[in-house]
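Participant: what follows is a predicted structure for the sequence shown.
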Amino acid sequence: MKLTLLLLVSVILQGYSAAADRLHSRSIRSAEPQPAAGADPMRVAILNRVGYHNEVYTALLQAFSLQGADVTVFSDTNPVAALGIESVIRSWYTKPFRHYEELLPVVCDYSVLVFATWPEVHVPFAEQVVARNCAGQQFLFTVHNPEELETPANLAGLTLAAKVNAQFVALAPHTTAATAAVLQRHNINQPTALFVPIFNVDSAQSSAQESAQGSDTVGAAVAADWDPTSAVAAADPRRNLMEQALTALAALPAKGSQPRSRSLLQATDASNPRAGSAAPRKGFAVQGLFQSHRRNYAQTFEEIAESPELAGNPDFVLHVIGQGNVDVPASLEHRIIIDTALPYKEYYASIRGCLAVLPAFASNMYYTKKASSSVAAAVVCKTPLIADEQLLKSYTYLTEASVYLKTPGETDAACMARVMKMSPEDIASRQAALDAVTQAIYADNAKVVADVLQRAHHVHAVLNQAHHLH
């Protein structure tokens, strides 16, 4: 309960603090290319009307920001949906996210409109935007699952894409190829570029330190920063929500009277074998919605139960990270930790603290069409994947040196047991190789976004020239 309220307060405060301090964007402290110089910043709106895919629009946000664009995110700002995504990017972006309903009245102020999820939910809204006939506005559609493009409800999106000459990106190599095939079938002569959704997450160390200080410290800091008498607070539509949350926080028992929750729904520190430990890279992670058609939890748990090297090993931990409900065998309750609806700081810190990420795909769709969030999360956290040849063939940006490659016939459990026996040098070499993969992805993403902005600059230059001629 307390963490839920803290998350609510923190997310509300992010918008308040940004407005109060008049901070829009600091320089991005990363090894990636610096913002392009020259022309005036291109105004870009990134839209996501669904209550998920936060990591995708955040990756697009950083990529466009690095190219010097003036970017605003319009998303589902409900704290339960956003899960504090803004808290892990404060070192390089401080402009508050805006609710998606705020975009339509000002949509013509933006030269580039990026749909972070396409076509799901967004086709009717895109039709409203097109009807406004914003001069020279460019559209970029982000495809997660190309099968969605051809569903009856979304076919109008293909017609619209052709009408506005939209550009497309997809989130994995095989997703890119499958999207291109759909567009070709519908005579849309527009290439599909690969954009891998990764971005700089603020340091896991700072997140862990904040968590270790306890929720009372965080709550005190939040309360100290909120001035309900200020002009900014008075104009903030979230004022009442903020005050209710702070009131509820004050009414909670003092620190030490109850365990701190590790998640919004369940799993306390007392049940976490890593609680209080500073030891890096321990255990493994499975990430994704708790749905059997997405991840094969039953097979994973069965393999672990049948492996004495894992089930009987006090150093083995599997973090099952996601949302929903999943049944854990009673015999594995001390080896498997359910991390439910973690705020993003804890989510990334948990993955970063593991030796490896286990894809555990329950469907071949993640090899042939759909892009996996688990693969992207592993790359973001520089936590190598447990991989087989099929994964490397689909996610071609990964290298053999950057993963723990299973041998022919080796189970996931056997591979995890083998990884636990590896030397620190072997583990470090995988992480270093994955870091090299990450830098290559950032460079490729930068080229994709630069092309989008270059096209927009060209269109506006032509329009300006035509205007001056008249």
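Facilitator: That came through, no problem. Numbering: from 1, shown residues only.

Participant: contacts only, for residue 309.
Facilitator: 316, 417, 420 (C-beta atoms under 8 Å, 6 or more residues apart in numbering). Every residue, glycine included, has its C-beta placed from N, CA and C.

Participant: what's the burial count for the last one?
Facilitator: As a burial measure, residue 420 scores 18 neighbours (other C-beta atoms under 10 Å).

Participant: likewise the first one?
Facilitator: When counting by other C-beta under 10 Å, one arrives at 23 neighbours for residue 316.

Participant: ok, now the second one?
Facilitator: Neighbouring residues of residue 417 were enumerated by other C-beta under 10 Å; the total is 18.

Participant: leaving out chain neighbours, which residue sits closest to it?
Facilitator: What sits nearest to residue 417 in space, not counting adjacent residues and going by C-beta to C-beta, 6 or more residues apart in numbering, is residue 309, at 4.0 Å.

Participant: can you give me the pLDDT of that neighbour?
Facilitator: On pLDDT, residue 309 comes in at 95.

Participant: how far away is it from residue 201?
Facilitator: 32 Å (C-beta to C-beta, to the nearest Å).

Participant: how about residue 189?
Facilitator: As judged by C-beta to C-beta, residue 189 and residue 201 stand 37 Å apart.

Participant: who's more crowded, these two?
Facilitator: residue 201 (24 against 8).

Participant: next up, the contacts around the more buried one.
Facilitator: Here residue 201 is in contact with 88-89, 344, 348, 380-381 (C-beta under 8 Å, 6+ apart).

Participant: what do you get if the cut-off is 7 Å, keeping everything else the same?
Facilitator: Residue 201 makes contact with 88, 348, 380 under the criterion C-beta atoms under 7 Å, 6 or more residues apart in numbering.

Participant: so which helix or strand takes in the residue nearest to residue 329 when sequence neighbours are not counted?
Facilitator: With sequence-adjacent residues excluded and distances taken as C-beta to C-beta, 6+ apart, residue 329 is closest to residue 301, at 5.6 Å. Assigned by DSSP states H and E, residue 301 belongs to helix 297-305.

Participant: helices or strands up against that helix?
Facilitator: helix 308-311, helix 412-420 (3 or more C-beta pairs under 7 Å, 6 or more residues apart in numbering; DSSP states H and E).

Participant: can you put the ones you listed in TSV and add distance to residue 397?
Facilitator: Listed next are the helices and strands packed on helix 297-305 as TSV, based on distance: least, C-beta to C-beta, whole Å:
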stretch	distance to residue 397
helix 308-311	30
helix 412-420	21
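
Participant: the helix or strand containing residue 426 versus helix 412-420: what angle between them?
Facilitator: Using DSSP H and E, residue 426 sits in helix 424-469. Relative orientation of helix 424-469 and helix 412-420, computed by axes from the mean of the first three to the mean of the last three C-alpha atoms, to 10 degrees: 100 degrees.

Participant: what's the offset of helix 424-469 from the middle of its chain?
Facilitator: Relative to the chain's own centre, helix 424-469 is displaced by 18 Å; criterion: C-alpha atoms, centre = their mean, to the nearest Å.

Participant: offset the numbering so it begins at 53, please.
Facilitator: With 53 as the first residue, the last one maps to helix 476-521.

Participant: how close does the closest residue in space to residue 407 that isn't next to it in sequence sit to residue 359?
Facilitator: Distance criterion C-beta to C-beta, 6+ apart; nearest residue to residue 407, sequence neighbours excluded, is residue 333 at 5.0 Å. Between residue 333 and residue 359 the distance is 20 Å, computed by C-beta to C-beta.

Participant: part of a helix, is residue 194?
Facilitator: No: using DSSP: H, G, I helix; E, B strand; the rest coil, the assignment for residue 194 is strand, not a helix.
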